[in-house]
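With the sequence up front, the predicted model follows.
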Amino acid sequence: MASRIFALASIGLLLGAPASAQHTPDLGSAAARILDARCGACHVPDSDDAKARHQMDSIRDLPRLVADFVTPGDPDDSELWWPIADGDMPPKDAETGALSAEENALLREWIVAGAPLPVEPPPVVEEPGFLDRSAAWIGRIHPLAIHFPIALLLAAALAELCARGRAPLYDASRYGALLGSFGAVAAALLGWIDANYGAGPADVDRHRWMGVSLAVLAVGLIVIALSLGDAAEGKARRRYRIVLAIACLLVGLTAHEGGLLVYGENYFHW
């Protein structure tokens, strides 16, 4: 019995609710359209009526119109409403015609509702095309790809440090440096794609340019490693060791910067 009474009461409330409560239109946009269509033709620069000329800009500028001629929530205290309520504005012989009953009621409802401004339409978000989606997907490989140059370049440096005349370790160092350098170039390229098409952190400029610097250095390391030959010592070997050490330092700093982007600036605070 109680549930039936509750249902009947709910239906009564819905039937008795005003239309504006069931559906709230964009009163600001509707009022702006009516004012522009019905009043804009007379409120022009060459009007014979000085007041019409004065109100010209306000008719097409709703915030200014509300500030100058409307008391939000109170039509009777609104200068805009007085000639509309009396049927004087727009005049019956106006080029655009007089207000209809519906337009009159809507303008009053707009003032009673607080003279809201037009609701801005939500921005139209275009679906990315196939190429953009493909690039975004490829860029997501960047977090996976960065681990290879980090490990390989550090392993190459460790092999070079421990070689001490042992040819297999020299070969391992050069092999690791070559693979790590190619991996660094690939990771930088993937990172650039991910920054442009992905949904990662916005402030990536420092990390991005550190990665580009590492990629440029890696190209130089590739050239040096390929021209190194089997020489265990000499200028070429010293140059290789210096560039490899700088590459290891830069890859560590770049990786650290990437980690801060993911985990925050305070991640390593004690």
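Thanks, I have the structure now.

Residue 225: neighbour count?
Using other CB atoms under 10 Å, residue 225 has 21 other residues around it. (Each C-beta comes from the backbone N, C-alpha and C, glycine too.)

what's downstream of the host helix or strand of it, the next helix or strand?
Taking DSSP states H and E as the definition, residue 225 sits inside helix 205-226. Going down the chain from helix 205-226, the next helix or strand is helix 235-263, by DSSP H and E.

How far away from the center of its chain is that next one?
Its chain's C-alpha centre and that of helix 235-263 lie 33 Å apart, by CA atoms, centre = their mean, to the nearest Å.

How about stretch 138-158?
30 Å.

Now do that stretch, average pLDDT.
For stretch 138-158, mean pLDDT rounds to 91.

and what of stretch 100-115?
Averaging pLDDT along stretch 100-115 gives 88.

What of stretch 252-264?
Mean per-residue pLDDT for stretch 252-264: 86.

next one: stretch 63-77
On average, stretch 63-77 scores 85.

buried sites along it?
65, 66, 69, 70, 72, 75 (16 or more other CB atoms under 10 Å).

Only C-alpha atoms, please: export the helix holding residue 225 in PDB.
Taking C-alpha atoms only, helix 205-226 is exported to PDB below (Å, rounded to 0.1, in the frame of the first residue of the first chain):
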ATOM      1  CA  ASP A 205      61.200  18.700 -23.500                       C
ATOM      2  CA  ARG A 206      64.300  18.100 -21.300                       C
ATOM      3  CA  HIS A 207      64.000  14.400 -21.500                       C
ATOM      4  CA  ARG A 208      63.300  14.600 -25.300                       C
ATOM      5  CA  TRP A 209      66.400  16.700 -26.100                       C
ATOM      6  CA  MET A 210      68.600  14.600 -23.800                       C
ATOM      7  CA  GLY A 211      67.500  11.600 -25.800                       C
ATOM      8  CA  VAL A 212      68.200  13.300 -29.000                       C
ATOM      9  CA  SER A 213      71.700  14.300 -27.800                       C
ATOM     10  CA  LEU A 214      72.300  10.700 -26.800                       C
ATOM     11  CA  ALA A 215      71.200   9.500 -30.300                       C
ATOM     12  CA  VAL A 216      73.600  11.900 -32.000                       C
ATOM     13  CA  LEU A 217      76.500  10.700 -29.700                       C
ATOM     14  CA  ALA A 218      75.500   7.100 -30.400                       C
ATOM     15  CA  VAL A 219      75.900   7.700 -34.100                       C
ATOM     16  CA  GLY A 220      79.400   8.900 -33.400                       C
ATOM     17  CA  LEU A 221      80.100   5.900 -31.200                       C
ATOM     18  CA  ILE A 222      78.900   3.600 -34.000                       C
ATOM     19  CA  VAL A 223      81.400   5.200 -36.400                       C
ATOM     20  CA  ILE A 224      84.300   5.000 -33.900                       C
ATOM     21  CA  ALA A 225      83.500   1.400 -33.000                       C
ATOM     22  CA  LEU A 226      83.300   0.200 -36.600                       C
END
